[in-house]
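Asks: Pasting the sequence and the predicted model now:
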Amino acid sequence: MLNLILILSVVLVIIIAVIVRIQMNEKIQPRQGYILIPCVSGMTDLERIVKSYYWEEFFQPEHYGRDIILVQLDKSEINFTAKRLEQDYSIVHSVDITELADFIKRRELKCYGKL
């Protein structure tokens, strides 16, 4: 009889722990963030920087996902590299500095379903 009570109490504790864990995971709100990388002429290691940030974000939980935005500050040959990286990686976006505010507003409206 004592063994039965002990087994039932252990099972009850496990069930309560699972329910609490599920409720805690449901309360986590997705956080959308951005990593801004300025692209200027003379920048030689843009591809290495983007790859390192991409793989860092790849291994993060889904609700901590951030987008990588390559901000083009001037017209140069680095913009071609930025456009190629945008095509290679899904979370990388190449944006001109004049369009940055509009881009972020559009992304936030789309992420929260207001569009």
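Replies: Yes, it's here. Numbering: from 1, shown residues only.

Asks: For residue 40, which non-adjacent residue is closest in space?
Replies: residue 73 (5.2 Å; Cβ to Cβ, 6 or more residues apart in numbering). Any C-beta I mention is one placed from the backbone N, CA and C, and that applies to glycine too.

Asks: Got the confidence number for that neighbour?
Replies: In the predicted model, residue 73 carries a pLDDT score of 87.

Asks: need the strands for the chain, in chain order.
Replies: 33-39, 66-72, 92-96 (DSSP state E).

Asks: Quick one: those strands as JSON lines, columns for mean neighbour count and distance to residue 9 too.
Replies: Formatted as JSON lines, the strands of the chain follow (neighbours: other Cβ atoms under 10 Å; distance: least, Cβ to Cβ, whole Å):
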{"stretch": "strand 33-39", "mean neighbour count": "15", "distance to residue 9": "43"}
{"stretch": "strand 66-72", "mean neighbour count": "20", "distance to residue 9": "43"}
{"stretch": "strand 92-96", "mean neighbour count": "19", "distance to residue 9": "52"}
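
Asks: Using JSON lines, lay out those strands together with distance to residue 52.
Replies: As requested, those are exported to JSON lines (distance: least, Cβ to Cβ, whole Å):
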{"stretch": "strand 33-39", "distance to residue 52": "11"}
{"stretch": "strand 66-72", "distance to residue 52": "10"}
{"stretch": "strand 92-96", "distance to residue 52": "12"}
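
Asks: ok, which stretches of the protein are helices?
Replies: 2-27, 46-58, 78-88, 100-111 (DSSP state H).

Asks: Summarise which helices and strands the shortest one is packed against.
Replies: Okay, so that is helix 78-88. strand 33-39, helix 46-58, strand 66-72, strand 92-96 (3 or more Cβ pairs under 8 Å, 6 or more residues apart in numbering; DSSP states H and E).

Asks: Now do the buried residues in it.
Replies: Using 16 or more other Cβ atoms under 10 Å as the test for burial, helix 78-88 gives 78-79, 81-82, 85-86.
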